[in-house]
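Q: curious how this folds, go ahead:
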Amino acid sequence: MAKAGIRDVAKVAGVSISTVSRAFTRPELVSEKTRRKVLSAADKLDFNISRSATALKTGQAYRVALLMNEEITSWFNTEVFAGINDILHDAGYDISLFQHIDTAENRKEFFTTLPVRRNVDAVFVNSFSIDPYEVEQLKRIHVPIIGINTPSASNFDASVSINDEEGMFMAAQHLINLGHRHIVYTCSEPAKGITSSIDDRGRGFIRACKAAEHNHDLQWQVLSVPRGRAFADSALTALLALDEFPDAICCQMDMMAIPLVLKLEHYGHFTPKDYSIIGFDDSPYADTINLTTMRQNPRDMGRNAAMKALKLIADEPLDNPHETIQPQLVLRGSDAVFKK
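A: The predicted structure follows:
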């Protein structure tokens with residue numbers, strides 16, 4: 001059976017060929033009634049418009065690239081992806097996902113070959129910084145570069161970020177104000193050769209503890225464990241190996257705090273009776289185990305970044321190209337006033 005073409009759709013729908021084309025590529029120029037007729041005819045004929053033909057006509061690929069330094073399976077990355085898709089799907093865009101841009105080999109391959117392909121209309125960089133060479137490579141394709149929760153807004157045409165350092169500063173300060181005097185910060189080791197926004201949280205913890213040392217008899221330390229799927233178990237082992245168990249724990253993320261709360265009970269440490277613990281993210285299950293944490297909304301960040309991208313693609317000015325959002329302290333039941 002011969003494949004149906006745009007002329008066949010136009011004939012069945014009773015409209016012109018140009019109307020069929022606009023119904024797919026510029027739906028805002030076609031009435032809802034006419035668009036429904038065109039889509040119904042296309043469905044009957046199993047017709048779909050050529051994305052490559054549309055790209056040739058408009059000069060746009062209707063595709064964006066999303067770069068992640070880890071897998072999409074993490075809560076933050078999944079939510080960012082969903083937020084971008086919330087906005088760009090209805091605008092007719094596909095999202096090409098590039099995971100693990102955290103190794104030298106993967107970074108070199110991506111940033112070297114993308115300018116040759118030139119098949120995206122915007123690039124989103126999620127949670128890591130890009131160096132001058134990489135910026136130069138991206139600028140060769142003359143498309144907007146949007147940062148999402150990147151350590152710095154420099155080199156980006158627009159960005160939306162959470163204030164990771166200030167958020168963890170608030171978290172540590174909260175524990176100090178509750179009277180805790182032996183506080184440990186558990187985190188995964190920084191990735192080699194890449195600057196990630198999550199590393200700013202450690203700096204916030206250290207800053208809060210150093211600021212409080214002058215007025216409090218404070219004992220604090222940072223426990224860094226290897227990156228990877230077993231990082232929470234590694235943090236558990238490190239905590240249990242301490243000469244003295246802390247009276248408060250600041251966790252780099254909820255994905256570390258939640259398993260610690262559950263597994264420490266097995267070893268006789270119950271929160272908030274024996275110690276306070278605070279996470280960061282307010283990810284799923286944080287409320288289930290009553291975890292006090294710092295809240296951020298990566299889905300909203302993805303939506304915001306996508307709306308900025310659409311304006312930049314259309315050469316429209318941005319009122320606020322670079323935004324930094326303050327995380328919120330969510331008080332639940334994993335922290336309490338410390339009683340010696």
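Q: would you map the helices across this protein?
A: Using DSSP state H, the helices of the chain run over residues 6-13, 17-25, 32-44, 51-58, 75-88, 104-117, 132-139, 164-177, 200-212, 231-240, 254-264, 298-313.
Q: these: lowest mean pLDDT?
A: Of all the helices of the chain, the minimum mean pLDDT falls on helix 51-58 (a mean of 54).
Q: list the residues that contact Asp243.
A: Listed by Cβ atoms under 8 Å, 6 or more residues apart in numbering, the contact set of Asp243 is empty. To be clear about C-beta, it is placed using only N, CA and C from the backbone, and glycine gets the same treatment.
Q: distance of the nearest residue to Pro132 once chain neighbours are set aside from Ile148?
A: Setting aside the residues directly before and after it, Pro132 is nearest to Asn155 in space (Cβ to Cβ, 6 or more residues apart in numbering), at 7.6 Å. As judged by Cβ to Cβ, to the nearest Å, Asn155 and Ile148 stand 14 Å apart.
Q: so which of the two has more stuff around it?
A: Ile148 (30 against 19; other Cβ atoms under 10 Å).
Q: wait, doesn't the more buried one sit right on Ala158?
A: No: applying Cβ atoms under 8 Å, one finds Ile148 not in contact with Ala158, separated by 9.8 Å.
Q: quickly list what's touching both of these two.
A: Joint contacts of Ile148 and Ala158 (Cβ under 8 Å, 6+ apart) are Ala305.
Q: give me the neighbour count for Gln173.
A: 18.
Q: now do the contacts for it.
A: 208, 212.
Q: rerun that using 7 Å as the cut-off
A: Shown in contact with Gln173 (Cβ atoms under 7 Å, 6 or more residues apart in numbering): Ala208.
Q: what about it, distance to His180?
A: For Gln173, the distance to His180 - Cβ to Cβ - is 11 Å.
Q: and for Asn119?
A: From Asn119 to His180 the distance is 53 Å (Cβ to Cβ).
Q: between these two, who's got more neighbours?
A: More neighbours surround His180 than the other of Asn119 and His180, with 25 against 13 (other Cβ under 10 Å).
Q: quick one, phi/psi of that one?
A: phi -70, psi 140 (degrees, to the nearest 10).
Q: excluding its backbone neighbours, what's nearest it?
A: Distance criterion Cβ to Cβ, 6+ apart; nearest residue to His180, sequence neighbours excluded, is Ala248 at 3.7 Å.
Q: residues near the one you found, how many?
A: 26.
Q: okay, Ser196: pLDDT?
A: Predicted confidence (pLDDT) at Ser196: the value is 81.
Q: and the residue nearest to it when sequence neighbours are not counted, how far is that from Ala153?
A: Distances taken as Cβ to Cβ, 6+ apart place Phe128 nearest to Ser196, at 5.0 Å, with adjacent residues excluded. Distance from Phe128 to Ala153, counting by Cβ to Cβ: 13 Å.
Q: look at those two and report which has more neighbours.
A: Phe128 (24 against 16).
Q: which residues touch that one?
A: Contacts of Phe128 (Cβ under 7 Å, 6+ apart): 69, 150, 194-196.
Q: how far away is Asp254 from Arg203?
A: On the measure of Cβ to Cβ, Asp254 and Arg203 end up 19 Å apart.
Q: the two: who's more crowded?
A: Higher neighbour count among Asp254 and Arg203: Asp254, with 25 against 13, using other Cβ under 10 Å.
Q: shouldn't Asn155 be in contact with Ile130?
A: Yes: with contact defined as Cβ atoms under 7 Å, Asn155 reaches Ile130; the gap is 5.9 Å.
Q: and Glu213, how many neighbours?
A: If we define neighbours as other Cβ under 10 Å, then Glu213 has 12 of them.
Q: now it: how far from Ala172?
A: 12 Å.
Q: if we can go back for a sec, quick one: the residue nearest to Ser196 and Ala191, what's the gap?
A: 8 Å.
Q: cool, and Ser283?
A: 20 Å.
Q: between the two, which one's more packed in?
A: For Ser283 versus Ala191, the count of surrounding residues by other Cβ under 10 Å is larger for Ser283: 22 against 16.
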